[in-house]
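Colleague: Just the structure for this:
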Amino acid sequence: MRQIVLDTETTGLDPRSGHRIIEVACIEMENRRLTGRHLHKYVNPQREIDAGAQAVHGITLEFLADKPKFADIVDEFLEFISGAELVIHNAPFDIGFLNAELRRLDRVPVETICNGVTDTLKMAKELHPGKRNSLDALCERYEIDNSTRTLHGALLDTELLADVFLAMTRGQNTLMIEPDTAPRPNIGADGQVRERKPLLVRRATEDELAEHAKNLAGIDKESKGACIWLPKPEAEPAAN
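Modeller: You can find the predicted model right below:
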């Protein structure tokens, strides 16, 4: 299972008003493990950046002046995401901008290149109705270190979103949770790797284990010994 966690930064909020992508970042996961492969590009939008957008991501037009245009990176980008499921926070926003850029180049929509799109914002709203579900809020809820996120940055946000996505979906594929031993670089907004705090592991207390055993005993009684989570005594050998 190949998945690409994706994020963009833009000149404004609406591609229909001519706003453009100025940064795109993708990191690759296979079978719920980061592979270490990523694609990160700054893009010259050939237009001004709204003050409100610049306040969010801190990227200036002067910084982008010598960066490639989207047409210069499109083939590399499409090759990287081809055949993978995209994982995006607030997917309609990023997909809308990507498709606007692709239309300018007479390319097919991104949905025809990838193998489906998962919107983690939609997923979070279903899991946590009525609560804040921004990326920062989800990092706090799942105890993921986002201390280096002072401004939005596509590369840092994809790395954080990968951790959030894995935390939200852990247990969907299997009831046995295996530890993730793959290295997880902590990438700052400037693209530099920083040391990150280890993920917190909470183990059940003695009281919680006792309550769990009590619940299993109740299930076993109600099901007349059919509780599958309790070890069954070995059958005694038949008498000669």
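
Colleague: Neighbours of the nearest residue to residue 121 once chain neighbours are set aside, how many?
Modeller: The spatially closest residue to residue 121, leaving aside those adjacent along the chain, is residue 90, at 4.5 Å (C-beta to C-beta, 6 or more residues apart in numbering). In short, each C-beta sits where N, CA and C put it, glycine included. When neighbours are counted by other C-beta atoms under 10 Å, residue 90 registers 16.

Colleague: you'd agree residue 90 is up against residue 119?
Modeller: Yes - contact criterion C-beta atoms under 8 Å: residue 90 and residue 119 qualify, at 6.9 Å.

Colleague: Pretty sure residue 12 sits in a helix.
Modeller: No - residue state for residue 12 (DSSP: H, G, I helix; E, B strand; the rest coil) corresponds to coil; a helix is not indicated.

Colleague: What sits closest to it if chain neighbours are left out?
Modeller: According to C-beta to C-beta, 6+ apart, the nearest residue to residue 12 is residue 19 (3.6 Å).

Colleague: Please save the CA atoms from the host helix or strand of residue 219 in CSV.
Modeller: Residue 219 is located in helix 206-222, with elements delineated by DSSP states H and E. Output for helix 206-222, consisting of C-alpha atoms alone and laid out as CSV, is shown next (Å, rounded to 0.1, in the frame of the first residue of the first chain):
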residue,chain,number,x,y,z
GLU,A,206,-2.9,-2.1,37.7
ASP,A,207,-6.4,-0.8,38.4
GLU,A,208,-7.1,-0.6,34.7
LEU,A,209,-5.8,-4.1,34.1
ALA,A,210,-8.0,-5.4,36.9
GLU,A,211,-11.1,-3.6,35.5
HIS,A,212,-10.3,-5.0,32.0
ALA,A,213,-10.1,-8.6,33.5
LYS,A,214,-13.4,-8.0,35.3
ASN,A,215,-15.1,-6.9,32.0
LEU,A,216,-13.7,-10.0,30.2
ALA,A,217,-15.0,-12.2,32.9
GLY,A,218,-18.5,-10.7,32.5
ILE,A,219,-18.4,-11.2,28.7
ASP,A,220,-17.3,-14.8,29.2
LYS,A,221,-20.2,-15.4,31.6
GLU,A,222,-22.8,-13.8,29.4
